[in-house]
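# Sequence and predicted structure below; questions after.
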There are 2 protein chains.
Amino acid sequence: MSNTKAGYRPQITHAGLSPTHPVTAVDEFNATRQVEVPGESPLTLYVDEREIVTLMTIGAHPEALALGYLRNQRFVERLDQIKSVSVDHHTESVQVTTRDGIEGWDEKLKKRTVTTGCGQGTVFSCTLDNLYTIRLPETRVRQSTIYELLDNISGCNTIYRRSGAVHGCALCEGTRSLMYTEDVGRHNAADAISGYMWLDDISGADKIFYTTGRLTSEIVMKTAHMGIAVLLSRSGVTHMGLELAQELGMTMIARARGKHFMIYHGAENISFDAPPEQRPGRPKPE
Amino acid sequence: MSNTKAGYRPQITHAGLSPTHPVTAVDEFNATRQVEVPGESPLTLYVDEREIVTLMTIGAHPEALALGYLRNQRFVERLDQIKSVSVDHHTESVQVTTRDGIEGWDEKLKKRTVTTGCGQGTVFSCTLDNLYTIRLPETRVRQSTIYELLDNISGCNTIYRRSGAVHGCALCEGTRSLMYTEDVGRHNAADAISGYMWLDDISGADKIFYTTGRLTSEIVMKTAHMGIAVLLSRSGVTHMGLELAQELGMTMIARARGKHFMIYHGAENISFDAPPEQRPGRPKPE
C-alpha cells in the first residue's frame, strides 16, 4: 500500500462530466416538472491499448475511477507504475499507459471471465487471490465519533439530493469526510475514492469508509484493498459481506441512521461513549 | 417471445436456498441482537459444460435465475431449446443443457469481454444488438391502478423486511403482483422473473414490471427483453435508462411512493383518474 513514491503523480486529464442532466417529467397531478437525473455513460478502460472493461458511470471522476478500478482489482500494485491516464469522451474511453507494462497481464485478464458480479460489476480472480494477504490495522472507534461523522456527512450527497438514483461513498478521518463521491454504482464511487487516495498518497489506516449502499462482498473487498479497517453504511449487509469482514477482521457497522446502528462485526472495537438517552422502538431493517 | 411451444418445460431441479441467515449483531445500546442477513452466494452458470458467468445471488430461485439470465442476455431465444437446468450447491453451479447447442455461441461469448456493468453485472454485446428489434405493445395505465398496485405490492417484500439489503422485483397484471422476487441485486431478481415467465409461458404484454431499485439502462433492457412496456419503480432513473426507454417507447414511472410518482416517459399513456386530494409539499428525490 505504501510503496508509492512520495509525491509521484501520473499525467492525468481532468475530464469529469457534469453529473446530472435536466429532464422534464410529469407528476401525479399531471403537472410537468423540470427535474434532474444522474448521468450514466459507458467508459471503456484500456491499459497500454488493451481493452479491459466497460464501466457504466456518472462520469464525474473518470480518471480517479480508472485508477481506483485498477488498484482495487489488483491489476496494478503501485501508482508509480502508471505513466498517464487520459479520458476521451468522444470515444467514451480512458487510456491508461504504464511505464513498463504489467507483469502477468495475460494471466490476470484470462481469469476475468470466471468470476463476475458480486451483484455489482466485474471481479477478476486475481482480486480474490490477493485478498487474504491483507493485514488491516487495529482500530478503535467512539460512538460519539460515529454520530458526529454521520451528521457531518449528511450534507455531502449533493447529486443524490438533486437527482436521486446514485449511491455515495466517503473516505472519513475522525468525524470528517475527506472526500465524498457519488455514482450510479456504489462500486464506482468506491473505486473513485481509491483512485484519489492513490493520487493524494492517503493511507487507509485510521480511516473509516462510509457508503450509502449495502455492504456486499464486493464493497468489503474494495475496502480491504484500500487498507481501511472500518466500514460504515446507511444500508444493510449481506451474509458473504459479513463473512469476508469476519475473516479480514474488519469492523462492520451498518443500518446507521440517526442514532441507530448495528455492528455486525468488531463490536469490541467500539467505545460506547454516547448511548442515546431513550431507547426508541426498534427500527425496521433498511 | 411467443415462439415457445405451449406447455413445454425443461427438466429442472428445485434447489432454492433459504434466503436469509440468522446472525448476531450489537446495537447502539451495546445490546446483542439476533437479526437476519440475506444470503449472497456465487452461482456459476454452465451451458453445455461451458462456463458462462458467475452470478452473486441470494440463491432462492437459482433455476429461474439461470433461465432468465440466458433469456435476457439473448443467448437463448426459446425455452424449448433447453433440455434441463440442474443446480448443484456443492459445486455452487448450475448446469444448463440445450437440446441442439446454441448457434453462434463462440461469437456471443467472445463479445462478453467488451461490455460490462451498467452498474450491475455483465452485459454481453449480443444483448444490445437485439434490443432495437423489440417492438413493445401499446399500453394504457390508470392512475388508480398504479395506486392499488403499489398498495398490494407493499406487503410482498418479506425478505427485505426480515433482513434488509435486497431489492425486489414484481411482475404485475392490473392491480395484482403475479410474482415477486428478491435478490441481493435487482438484476438477478429481474432475471428470475424472466425465467419464471418462460417456464409458465407468461407474455409480457399488458404487464407492468415493478422494482424497488433504480431504473438504469440494464433494467430497461431486461424489461424490454421480457416484452413489458411499463416500468414502475420506487427509486429514481438514470439518464441512459431514460434515453433507452424513450427509444423503446417504454412507459417509465419512478419515485413511486404513497401517492407520489414521476412519469419520465410515456405520460400520454396514463389516465389521471385518481389525483390526490391535496397537493403535498414536493417530496425529496429518492
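Looks like it arrived, so ask away.

# mind checking which helix or strand of chain A has the lowest mean pLDDT?
Sorting the helices and strands of chain A by mean pLDDT, DSSP states H and E puts helix A:125-129 at the bottom, at a mean of 59.

# Which strands or helices does the helix or strand just after that one pack on?
Remark: after helix A:125-129, the chain's next helix or strand is strand A:141-142, criterion DSSP states H and E. If you count contacts as 3 or more Cβ pairs under 8 Å, 6 or more residues apart in numbering or on different chains; DSSP states H and E, strand A:141-142 packs onto strand A:270-271. No exception for glycine: its C-beta is placed from N, CA and C like everyone else's.

# switch to 6 Å and redo it
Counting contacts by 3 or more Cβ pairs under 6 Å, 6 or more residues apart in numbering or on different chains; DSSP states H and E, strand A:141-142 packs against no other helix or strand.

# from the chain's centre, how far out does it sit?
Relative to its chain's centre, strand A:141-142 lies at 22 Å (Cα atoms, centre = their mean, to the nearest Å).

# mind listing the helices in chain A by residue range?
A:62-72, A:105-110, A:125-129, A:143-153, A:158-163, A:186-199, A:217-225, A:239-248 (DSSP state H).

# so which of these gets nearest A:Leu232?
For the helices of chain A, proximity to A:Leu232 was assessed by Cβ to Cβ; helix A:143-153 is nearest, at 6.8 Å.

# okay, the closest one in CSV with CA atoms only?
Extracted in CSV, the C-alpha atoms of helix A:143-153 (Å, rounded to 0.1, in the frame of the first residue of the first chain):
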residue,chain,number,x,y,z
GLN,A,143,-19.8,6.0,19.3
SER,A,144,-19.7,9.8,19.6
THR,A,145,-17.3,9.9,16.6
ILE,A,146,-19.8,7.8,14.5
TYR,A,147,-22.7,10.2,15.4
GLU,A,148,-20.7,13.3,14.6
LEU,A,149,-19.4,11.8,11.4
LEU,A,150,-22.9,10.8,10.2
ASP,A,151,-24.0,14.3,11.0
ASN,A,152,-21.2,15.9,9.0
ILE,A,153,-21.7,13.6,6.1
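
# Need the contact partners of that helix.
Helix A:143-153 is touched from outside by A:170, A:172, A:175, A:177, A:256, A:272-274, with contacts defined as Cβ atoms under 6 Å, 6 or more residues apart in numbering or on different chains.

# residue contacts, the residue nearest in space to the middle of chain A?
By Cα atoms, centre = their mean, the mean C-alpha position of chain A lies nearest to A:Ala190, the distance being 1.0 Å. By Cβ under 6 Å, 6+ apart, A:Ala190 lies in contact with A:169, A:222.

# okay, it: pLDDT?
According to the prediction, A:Ala190 has pLDDT 95.

# Quick check: it vs B:Gly39, distance?
According to Cβ to Cβ, to the nearest Å, A:Ala190 and B:Gly39 sit 22 Å apart.

# Likewise for A:Arg234?
Per Cβ to Cβ, A:Arg234 is found 21 Å from B:Gly39.

# got any ranges where the stretch 101-250 of chain A has weak pLDDT?
Along the stretch 101-250 of chain A, segments meeting pLDDT under 70 span A:110-130.

# hmm, back to that, need the helices of chain A in CSV with distance to A:Arg9, can you?
Output for these, formatted as CSV (distance: least, Cβ to Cβ, whole Å):
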stretch, distance to A:Arg9
helix A:62-72, 11
helix A:105-110, 23
helix A:125-129, 25
helix A:143-153, 28
helix A:158-163, 26
helix A:186-199, 6
helix A:217-225, 21
helix A:239-248, 30
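
# so what's A:Tyr160 closest to, chain neighbours aside?
A:Val166 (5.3 Å; Cβ to Cβ, 6 or more residues apart in numbering or on different chains).

# burial measure for the one you found, as a count.
A:Val166 has 34 neighbours, counted by other Cβ atoms under 10 Å in any protein chain shown.

# before we move on, what about A:Ser154?
A:Ser154: 11 neighbours (other Cβ under 10 Å).

# do A:Val96 as well
Quick note: A:Val96 (other Cβ under 10 Å) scores 27 neighbours.

# now do A:Arg140
Using other Cβ under 10 Å, A:Arg140 has 12 other residues around it.

# ok, now A:Ser203?
When counting by other Cβ under 10 Å, one arrives at 14 neighbours for A:Ser203.

# quick one, phi/psi of it?
Dihedral angles of A:Ser203 (phi, psi; degrees, to the nearest 10) stand at phi -80, psi 150.

# give me every residue that touches it.
If you count contacts by Cβ under 6 Å, 6+ apart, A:Ser203 has none.

# same thing with A:Thr57?
Here A:Thr57 is in contact with A:43, A:65, A:183, A:188 (criterion: Cβ under 6 Å, 6+ apart).

# per-residue pLDDT, the first one?
What the model reports as pLDDT for A:Leu43 is 90.

# Next, work out how far apart the closest residue to A:Gly258 other than its chain neighbours and chain B are.
Nearest non-adjacent residue to A:Gly258, counting by Cβ to Cβ, 6+ apart: A:Leu150, 7.9 Å away. Using Cβ to the nearest Cβ, to the nearest Å, we find A:Leu150 at a distance of 11 Å from chain B.

# got it, and A:Gly68?
Distance of A:Gly68 to chain B, given as Cβ to the nearest Cβ: 15 Å.

# isn't that residue right up against A:Tyr196?
No: judged on Cβ atoms under 6 Å, A:Gly68 makes no contact with A:Tyr196 at a distance of 7.5 Å.

# Apart from its chain neighbours, what residue comes closest to A:Gly227?
Using Cβ to Cβ, 6+ apart, the closest residue to A:Gly227 is A:Gly204 (3.1 Å).

# Correct me if wrong: the one you found contacts A:His225.
No: under the criterion of Cβ under 6 Å, A:Gly204 is not in contact with A:His225, lying 8.8 Å apart.

# returning to that earlier point: how many neighbours does the residue nearest to A:Gly258 have?
Around A:Leu150 there are 19 residues (other Cβ under 10 Å).

# residues near A:Thr223, how many?
Using other Cβ under 10 Å, A:Thr223 is surrounded by 31 other residues.

# In space, what's closest to A:Tyr46 - neighbours in sequence excluded?
Per Cβ to Cβ, 6+ apart, closest to A:Tyr46 is A:Gln95, 5.0 Å.

# Please report how far the one you found lies from A:Phe272.
50 Å.

# if you count what's nearby, which of those two comes out ahead?
It is A:Gln95, of A:Gln95 and A:Phe272, that has more neighbours when counted by other Cβ under 10 Å, with 18 against 15.

# hang on, isn't the more buried one packed against A:Leu45?
No: counting by Cβ under 6 Å, A:Gln95 stays clear of A:Leu45, with 8.5 Å between them.

# I'm done for today, thanks for sticking with me.
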